[in-house]
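Participant: With the sequence up front, the predicted model follows.
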Amino acid sequence: MNNKLHYTYAGMFTTALRWVAGWTYFSAFWRRVILENKLDPDAAGYIGEKFNHFLPNALGIKPMIEFLVSNPEWLWWFMLAFTLIEGVVGLLFMLGILTRLMSFGVLSLAFGILIGSGWIGTTCLDEWQIGVLGVAAGFTILMTGGGKYSLDSYFMNKELPFTKHKLYAILGSGELPIRQTILNKTALVGSILILGLTLFTNQYFHGGVYGTLHNLSVKPHVTITEAQLSGNDLSFTVFRDEGADVYGSFLIGIQLKDKSGNVVFEQDQSDLSSMNTTQIVNDFVAKVKPGKHSLVLPLGARAKLHFTHTAFSQLQGSYILELIDISGATWSVEVSK
């Protein structure tokens, strides 16, 4: 059997993988643009807010994500470009047009998803699985090409002029113009690197290889920083850095206590749900805001909260600022005046 036939069979046997992996990316475009308008910054489900959810525990690209979610205009253009790229790459990958080039696109998109959101997933480590399987699928089709059931194969069978160029075998399908020994090493080294990436990210995000398992998507967590008491003012910054991405943390209480545990200032559920938006200075597109029964902190949201009360002017020394979530979780920090 000649090499050309080997590649035809290899690509044919991976057809289902190519179609399914291609749909996972094309469907992102389909959902956001055709079925619903998820590129509207003012609409519920805006994709930019979903992207903001990646921020707290992304691997290596947190500065880029923070820049984008801090600059809504740039974020919108990035989301538009990303969505169009997913649509084009996914569609051409399924059709088998420039299959190897599209395979590299799939691999790159999957890698971005992996390092950005591999830590998110309340049940089955959802985003991590999507990322590592996408990387593996992209690499596999990169090696095999599109095979019999691809338009690349159709074009080559028709002997169209551009298919005779050496570059077409590299970007499209067919026999790779690489020596067998180099090809063998490429397949082996690539597979080892992808397995290494899989084990590393599984351990980094979830402790899935050794030690204690953890899942940062299960329980909400809020970090409190920059807590200050000055005159009649109390201010502090909240950052929701853990928990499920599909709903917020719901604050139902804020208490300021002295060292003896006496409450010197308190905001209850009713107070927080009716907070004036001028008291909240949001940093990102995912916004802390009053809800019907609480103060809602979406995943990835960071905001500075301000409270004014005459009681603050009488305070001296150190106090404990405590936030109370509807789940019963509490987070606290010391604040001095």
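Facilitator: Okay, I see it. Numbering: from 1, shown residues only.
Participant: low pLDDT regions in the stretch 1-150 of the chain?
Facilitator: Applying pLDDT under 70 to the stretch 1-150 of the chain picks out residues 1.
Participant: Which residue ranges of it form helices?
Facilitator: 3-13, 15-29, 47-52, 62-70, 72-95, 99-117, 126-144 (DSSP state H, counting those that start in this stretch).
Participant: Same list (these) but as TSV, adding mean neighbour count.
Facilitator: Quick note: C-beta positions are derived from backbone N, CA and C, even for glycine. As requested, those are arranged in TSV below (neighbours: other C-beta atoms under 10 Å):
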stretch	mean neighbour count
helix 3-13	16
helix 15-29	19
helix 47-52	22
helix 62-70	17
helix 72-95	18
helix 99-117	22
helix 126-144	21
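Participant: Report all helices and strands that the longest helix along the chain contacts.
Facilitator: Counting residues, the longest helix found in the chain (DSSP state H) is helix 180-206. Secondary-structure packing of helix 180-206 (3 or more C-beta pairs under 8 Å, 6 or more residues apart in numbering; DSSP states H and E): helix 99-117, helix 126-144.
Participant: Export those helices as TSV, with columns for distance to Glu66.
Facilitator: Output for these, formatted as TSV (distance: least, C-beta to C-beta, whole Å):
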stretch	distance to Glu66
helix 99-117	12
helix 126-144	19
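Participant: Which one, of those helices, ends up nearest to Phe162?
Facilitator: Among the helices and strands packed on helix 180-206, the nearest to Phe162 by C-beta to C-beta is helix 99-117 (13.4 Å).
Participant: So which elements touch that closest one?
Facilitator: Packed next to helix 99-117, using 3+ C-beta pairs under 8 Å, 6+ apart, are helix 15-29, helix 72-95, helix 126-144, helix 166-171, helix 180-206.
Participant: let's go with 7 Å and repeat that
Facilitator: helix 15-29, helix 72-95, helix 126-144, helix 166-171 (3 or more C-beta pairs under 7 Å, 6 or more residues apart in numbering; DSSP states H and E).
Participant: Just put the ones you listed in CSV and tack on distance to Ile47.
Facilitator: Shown next, in CSV, are these (distance: least, C-beta to C-beta, whole Å):
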stretch, distance to Ile47
helix 15-29, 9
helix 72-95, 5
helix 126-144, 15
helix 166-171, 29
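Participant: So what touches stretch 27-34?
Facilitator: With C-beta atoms under 7 Å, 6 or more residues apart in numbering as the test, stretch 27-34 has contacts from Lys38, Leu39, Ile47, Thr83, Glu86, Gly87, Gly90.
Participant: switch the cut-off to 8 Å
Facilitator: Lys38, Leu39, Ile47, Thr83, Leu84, Glu86, Gly87, Gly90 (C-beta atoms under 8 Å, 6 or more residues apart in numbering).
Participant: Need the distance between the two termini of that stretch.
Facilitator: 10 Å (C-alpha to C-alpha, to the nearest Å).
Participant: now, among the contacts of stretch 27-34, which is nearest to Thr225?
Facilitator: Distance to Thr225, by C-beta to C-beta, is smallest for Ile47 among these, at 28.0 Å.
Participant: So that closest one versus Phe54, what's the distance?
Facilitator: Separation of Ile47 from Phe54 (C-beta to C-beta, to the nearest Å) stands at 11 Å.
Participant: Kindly report the same for Lys158.
Facilitator: According to C-beta to C-beta, Lys158 and Phe54 sit 44 Å apart.
Participant: Would you tell me which of the helices and strands packed on helix 180-206 gets closest to Thr308?
Facilitator: helix 99-117 (38.2 Å).
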